[in-house]
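S.K.: Fold the following for me, if possible:
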Amino acid sequence: MEEKVLKANDIPMGYAMCFNNGCADKNTCMHYQAMLLTSANRYSGSAVFPTAWQDGKCRCYREKKLVKKAWGFSGLYKNVEHRDKTAARRSVSSYFGRGNGPYYRAHHGEITLNPKQQEDILQIVSQYGPLDGIKFDGYKIDWDFE
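M.R.: As a prediction, the model looks like this:
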């Protein structure tokens, strides 16, 4: 993956911070790294509780890593028969939960899909046609906060 520096504005709003200075994994944990980048003007927010540390491991550990995120569904249905396209779109849209907002936000690149979401969506589409040559509209390397 490409070299990229984690910055304060990369941290999603509401992301839980970890303040466990004694953690052996703090240098590779997104929660601890997020805390290090937190502004001194911030006084409250989500946190990883000390009870997350159990049996020598943190239950909230999130590896600091870059992943390939995707967006856009323009070519997602190209191998789906015309008669099945509505059902395929409905199935992918329902993956995001209630309403069409998240589906359209992902389609237009307002939100990106992590590798697991990409895999899940391609699995849904594969029920309606082959995945040969299927890809999302765009990809970018970004931090994995999921």
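S.K.: contacts and neighbour counts: CA atoms only from here.
M.R.: Will do.
S.K.: Could you list the buried residues of the helix or strand hosting residue 120?
M.R.: Assigned by DSSP states H and E, residue 120 belongs to helix 115-126. The neighbour-count check on helix 115-126 (16 or more other CA atoms under 10 Å) flags 118, 121-122, 124-126 as buried.
S.K.: Other residues contacting the helix or strand just after that helix?
M.R.: Next along the chain after helix 115-126, taking DSSP H and E as the criterion, comes strand 138-143. With contact meaning CA atoms under 8 Å, 6 or more residues apart in numbering, strand 138-143 is reached by 1-2, 6, 10, 64-72.
S.K.: Put the buried members of those into a ChimeraX selection.
M.R.: Buried subset of the contacts of strand 138-143, written as a ChimeraX selection, criterion 16+ other CA under 10 Å:
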select :6,64,66,67,68,69,70,71,72
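S.K.: export the contacts of strand 138-143 to JSON lines and tack on pLDDT, secondary structure and distance to residue 18?
M.R.: Output for the contacts of strand 138-143, formatted as JSON lines (pLDDT from 0 to 100; DSSP: H, G, I helix; E, B strand; the rest coil; distance: CA to CA, whole Å):
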{"residue": "1", "pLDDT": "45", "secondary structure": "coil", "distance to residue 18": "26"}
{"residue": "2", "pLDDT": "49", "secondary structure": "coil", "distance to residue 18": "26"}
{"residue": "6", "pLDDT": "90", "secondary structure": "coil", "distance to residue 18": "16"}
{"residue": "10", "pLDDT": "88", "secondary structure": "helix", "distance to residue 18": "16"}
{"residue": "64", "pLDDT": "94", "secondary structure": "coil", "distance to residue 18": "13"}
{"residue": "65", "pLDDT": "93", "secondary structure": "coil", "distance to residue 18": "17"}
{"residue": "66", "pLDDT": "94", "secondary structure": "strand", "distance to residue 18": "20"}
{"residue": "67", "pLDDT": "94", "secondary structure": "strand", "distance to residue 18": "22"}
{"residue": "68", "pLDDT": "96", "secondary structure": "strand", "distance to residue 18": "25"}
{"residue": "69", "pLDDT": "96", "secondary structure": "strand", "distance to residue 18": "25"}
{"residue": "70", "pLDDT": "97", "secondary structure": "strand", "distance to residue 18": "28"}
{"residue": "71", "pLDDT": "96", "secondary structure": "strand", "distance to residue 18": "30"}
{"residue": "72", "pLDDT": "96", "secondary structure": "coil", "distance to residue 18": "33"}
